[in-house]
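Peer 1: task: produce atomic coordinates for the following.
(one chain, ligands or ions: 1)
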Amino acid sequence: MAKTDPNPHAIIFPYPYQGHIAPMINLTIKLASIGFSVTYVNTEFIHHTISKSQSADFNGPFDEARKFGTDIRYRTISDGFSLEFDRDLNFDEYWESMFTEFPARVDEFVRDTIESDTSGAPFFLIADTVYSWPATIAKKNNLVNVALWTEPATLFSINYHLDLLKQNGHLPYNGDGDTRISYIPGVQSISTKDMMSYIQDPEAIPMLFKIMVKAFDQVKNADFILYNTVQELESEALSALNEKHPTYAIGPINFFNECKILNIAKSLWAESDIIRWLESKPPGSVMYISFGSIAQITKQEIEEITHGLLISQVSFVYILRPNDLESNETNIFPFGFENDIIDRGFIVPWCNQNMVLSNPAIGGFVTHCGWNSIIESMWFGVPMICYPFFVDQPTNRKLVVENWKIGINLCDGDQIKRHEVAHKIIILMNGEYSIKLRQEINKLRKVLHNALDIDGSSQRNFDQFVEDLKVRLY
Ligand code: UDX
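Peer 2: Just a heads-up that it's a prediction; the model follows:
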């Protein structure tokens, strides 16, 4: 690259779900902060959903970042459905069309963007790994293709080796609870019951399995893979993956220095303000409960958890999204719960999770084990109580509880029971084991913070990625 060459221009496609949007926004800002031009493309539906959650007019998530002179162009593209179309209810129809119709729209968008540019900048494509088309479209348009993986590298390796699982008779899972698998490169011995839900039972939601198979067919042809994880946390998985593809652990992406100071609008739901209430609570006294953006909970689970909270006497903030509940039941809380919570807690539909987790009043996190939530909990040193639902969450739980020992299970059997919930909450907040968990998570907290330091592993990997990318582009 000569001094006079224009900077690279990334065209970026986030996956249209909450847990994938924040890391991609933050990666965009990081690239723009080093002088790259970026075109960031939301689906119109996601744009509309985020704007509804904002009190002011929404021009995309980059207004604040642009104040620093960054070149970020925010665009939207149709996913082929009306805004009213229920993408969760019609999951199969939606994703079938995302395989067959959406790629042509992306292709046209990419071509138009490149053709209308007069700067001479070399373009490249960054897309979420879970899409079914990035390598094909990059090849068609002669672009370098960068994939972003928003889950642990360990899970990437498992997905990458589905053929090995098949050969060994472990895909689908054959039902015998405790078969240990120790042949996946870079993955510590893992029980079949801790595998991702779509591997344990591909037929449960066949579309989920199809999405992952298509995604990993594509990513095998990616030029570079970025991971929202940290070298020191998953060194074995990352080294094994690096033998196959240029692999860069650059996490935790949501805490890049450039992004920490910005107030970025990225939530699909409006954020309730509970910070003043938290500030009135003693340090370490409040339990935070959230099951992320896609999991659905049954009435019975809510009942057991809320009764468990009542029995434990611990203060809490409980996030219950409007679409959290599996059925449209009303009266979901046990008698007395709503009166009791006036002093002791809050139930709100959504919050700014990082602001909550960073508050000293928070002493624990009951989580579904989404990867963003785990990383955020580690970043703020908050130990976890794990209650995974599906997709990657059962496997992430295994990492938290068994590999890193920074959390405990909410229930040890198949059924969630209120007295066990209360017991787990009490031991996490105050018990002897709580001290051990806090020591372990504080070690990892340091690892994560160090990784983003100027000479930390993630910053070095990011710099190396930029250097390697430029060699390919110029
Ligand atoms: C799912 C997967 O389980 C996850 O591993 C994958 O990377 C993305 O899709 P999701 O249910 O969205 O995840 O959970 P998680 O990865 O934890 O992401 C949720 C995000 O929403 C977090 O960044 C969290 O900070 C944010 N959040 C959650 C809020 O901002 N407010 C809330 O009230 C709850």
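
Peer 1: from here on, just use CA atoms for contacts and neighbour counts.
Peer 2: Will do.

Peer 1: how about Asn37: what's its closest non-neighbour residue?
Peer 2: If you look again at residue 37, you'll see it is Ser, not Asn. His9 (4.5 Å; CA to CA, 6 or more residues apart in numbering).

Peer 1: surely the one you found and Phe123 touch.
Peer 2: Yes. Proximity of His9 to Phe123 meets the contact threshold set by CA atoms under 8 Å, at 4.7 Å.

Peer 1: and the contacts of stretch 38-47?
Peer 2: For stretch 38-47, the surrounding residues in contact (CA atoms under 8 Å, 6 or more residues apart in numbering) are 9-14, 16, 28, 31-32, 60, 71-79, 82-83, 268.

Peer 1: name the SS class of Phe124, please.
Peer 2: State at Phe124, reduced to three classes by DSSP: H, G, I helix; E, B strand; the rest coil: strand.

Peer 1: what bridges to it?
Peer 2: Ala10, Val144 (DSSP bridges).

Peer 1: how many neighbours does it have?
Peer 2: 22 (other CA atoms under 10 Å).

Peer 1: now the one 4 residues further on
Peer 2: Neighbour count for Asp128, taken as other CA under 10 Å: 26.

Peer 1: what helix or strand is the closest residue to it other than its chain neighbours located in?
Peer 2: Spatial nearest neighbour of Asp128, chain neighbours left out: Leu148 (4.9 Å); criterion: CA to CA, 6+ apart. Per DSSP states H and E: Leu148 is located in strand 144-149.

Peer 1: report the rounded mean pLDDT for that strand.
Peer 2: Regarding strand 144-149, the rounded mean pLDDT is 98.

Peer 1: packing partners of the helix or strand following that strand?
Peer 2: Once the chain leaves strand 144-149, the next helix or strand it forms, by DSSP H and E, is helix 153-160. Contacts defined by 3 or more CA pairs under 8 Å, 6 or more residues apart in numbering; DSSP states H and E place helix 153-160 against helix 206-219, helix 235-242.

Peer 1: what's the spacing between the closest residue to Pro152 other than its chain neighbours and the ligand?
Peer 2: In space, and not counting its chain neighbours, Pro152 is closest to Thr229: 6.1 Å by CA to CA, 6+ apart. To the ligand, Thr229 is 11 Å away according to CA to the nearest ligand atom, to the nearest Å.

Peer 1: hey, what's Val317 bridged with?
Peer 2: Bridge pairing for Val317 - DSSP bridges - gives Tyr288, Phe346.

Peer 1: run a quick neighbour tally on it.
Peer 2: Other residues close to Val317 by other CA under 10 Å number 23.

Peer 1: the residue nearest to Pro152 touches Phe255, doesn't it?
Peer 2: No. Judged on CA under 8 Å, Thr229 makes no contact with Phe255 at a distance of 11.6 Å.

Peer 1: these two - which one has more neighbours?
Peer 2: Each of Thr229 and Phe255 has its neighbours counted (other CA under 10 Å); Thr229 has more, 28 against 19.

Peer 1: quick one: contacts for the residue nearest to Asp128?
Peer 2: 24, 126-129, 225-228.

Peer 1: and the helices in the stretch 151-300 of the chain, which stretches?
Peer 2: Listed in chain order, the helices of the stretch 151-300 of the chain (DSSP state H, counting those that start in this stretch) span 153-160, 162-167, 197-200, 206-219, 235-242, 257-260, 275-279, 299-312.

Peer 1: nearest to the ligand, out of those?
Peer 2: helix 153-160 (9.9 Å; CA to the nearest ligand atom).

Peer 1: tell me the contacts of the closest residue to Cys259 other than its chain neighbours?
Peer 2: If the residues on either side of it in the chain are set aside, Cys259 comes closest to Asn26, at 6.2 Å by CA to CA, 6+ apart. When contacts are counted by CA under 8 Å, 6+ apart, Asn26 is found next to 253-254, 256, 259.

Peer 1: for the helix or strand containing Asn26, what is the average pLDDT?
Peer 2: Applying DSSP H and E as the criterion places Asn26 in helix 18-33. The average of the pLDDT scores along helix 18-33 is 96.

Peer 1: got the angle for that helix vs strand 144-149?
Peer 2: 130 degrees (axes from the mean of the first three to the mean of the last three CA atoms, to 10 degrees).

Peer 1: CA-only coordinates of helix 18-33, as PDB, when you get a sec.
Peer 2: Below are the C-alpha coordinates for helix 18-33, written out as PDB (Å, rounded to 0.1, in the frame of the first residue of the first chain):
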ATOM      1  CA  GLN A  18     -29.800  -8.600  18.700                       C
ATOM      2  CA  GLY A  19     -26.900 -10.800  19.800                       C
ATOM      3  CA  HIS A  20     -25.200 -10.300  16.500                       C
ATOM      4  CA  ILE A  21     -25.900  -6.600  16.000                       C
ATOM      5  CA  ALA A  22     -23.800  -5.100  18.800                       C
ATOM      6  CA  PRO A  23     -20.500  -6.900  18.000                       C
ATOM      7  CA  MET A  24     -20.900  -5.900  14.300                       C
ATOM      8  CA  ILE A  25     -21.600  -2.200  15.200                       C
ATOM      9  CA  ASN A  26     -18.600  -2.100  17.400                       C
ATOM     10  CA  LEU A  27     -16.300  -3.800  14.800                       C
ATOM     11  CA  THR A  28     -17.600  -1.100  12.300                       C
ATOM     12  CA  ILE A  29     -16.600   1.700  14.600                       C
ATOM     13  CA  LYS A  30     -13.200   0.100  15.300                       C
ATOM     14  CA  LEU A  31     -12.400  -0.100  11.600                       C
ATOM     15  CA  ALA A  32     -13.600   3.400  10.900                       C
ATOM     16  CA  SER A  33     -11.500   4.700  13.800                       C
END
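
Peer 1: ok now it, how far from the chain's centre?
Peer 2: 12 Å (CA atoms, centre = their mean, to the nearest Å).

Peer 1: so which bits of the stretch 101-250 of the chain are right by the ligand?
Peer 2: With CA under 6 Å from any ligand atom as the criterion, the stretch 101-250 of the chain comes near the ligand at residues 150-151.

Peer 1: what's the helix or strand for the nearest residue to Ser267 once chain neighbours are set aside?
Peer 2: Sequence neighbours aside, Ile50 is the residue nearest to Ser267 in space, at 5.9 Å (criterion: CA to CA, 6+ apart). For Ile50, the host element (DSSP H and E) is helix 44-53.

Peer 1: what inclination does that helix have with respect to helix 18-33?
Peer 2: Using the same axes, to 10 degrees: helix 44-53 against helix 18-33 is 90 degrees.

Peer 1: what comes up buried for helix 44-53?
Peer 2: 44-53 (16 or more other CA atoms under 10 Å).

Peer 1: same question for stretch 28-39.
Peer 2: With the criterion 16+ other CA under 10 Å, stretch 28-39 contains buried residues 28-33, 35-39.

Peer 1: go on, stretch 162-175?
Peer 2: In stretch 162-175, counting by 16+ other CA under 10 Å, buried: 162, 165, 170-173.

Peer 1: ok, back up a step: pipe the helices of the stretch 151-300 of the chain into TSV and attach distance to Glu402 and mean pLDDT per row.
Peer 2: As requested, the helices of the stretch 151-300 of the chain are arranged in TSV below (distance: least, CA to CA, whole Å; pLDDT from 0 to 100):
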stretch	distance to Glu402	mean pLDDT
helix 153-160	14	98
helix 162-167	22	94
helix 197-200	18	93
helix 206-219	25	97
helix 235-242	16	98
helix 257-260	30	76
helix 275-279	31	92
helix 299-312	23	90
